[in-house]
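Student: Quick one: sequence and predicted model below, then my questions.
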Amino acid sequence: MIPRGPHLPASLGLTLCALVLISCGSNYANSNRFLISIAVTPATADAQNFPNGQVVFTATGTFSQQPSPALVPPTAPYSGQFFVDTTLTNHVIAAIVASGSGTATVQCVSGMSGTVEVGAIASANNGTSTTVSGVAQITCP
């Protein structure tokens, strides 16, 4: 039966809400797909060989199901992010100056030199709090 009269807007509104809720769940058609590993490339980079000392790193994930490999997205359910490790040097030698979907631009800090790890970490999306990470290195002159 097709609703008529004053109930039509309410019925239409409920139908639209139901469609939105259904489509929200379909963003990740296969909830059993999970992240196995992350490769950050380039694996090593000497910043002096890149324009303005800025190196673009890419995080590529190996997933349990297709599409694999694929860029690690910074959004749910994989919620990834890049980081520059300063724990070994206790100094900020390089910093992330821009990031996007599966990429981060890292630049050396003026006056600092050394080698630090650039990493990417993301949720495995397998129903646990498991995370997966990968690392690369940047050398600042």
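Tutor: Okay, I see it.
Student: For stretch 72-84, give me every contacting residue.
Tutor: Residues outside stretch 72-84 that contact it (C-beta atoms under 8 Å, 6 or more residues apart in numbering) are 28, 31, 35, 38, 57, 59-61, 92-96, 99-102, 104, 106, 116-125, 138. Heads up, the C-betas are built off the backbone N, CA and C, glycines and all.
Student: Just the buried residues of these.
Tutor: Buried residues within the contacts of stretch 72-84, counting neighbours by 16 or more other C-beta atoms under 10 Å: 35, 38, 57, 59-61, 93-94, 99, 102, 104, 106, 116-125, 138.
Student: Residue 52: how many residues sit nearby?
Tutor: Neighbourhood size, residue 52 [other C-beta atoms under 10 Å]: 10.
Student: Could you look up the SS state of it?
Tutor: Classification of residue 52 using DSSP: H, G, I helix; E, B strand; the rest coil returns helix.
Student: ok, it to residue 114 distance?
Tutor: 18 Å (C-beta to C-beta, to the nearest Å).
Student: is it true that residue 92 touches residue 112?
Tutor: Yes - the pair residue 92 / residue 112 is scored as a contact, 7.0 Å apart, by C-beta atoms under 8 Å.
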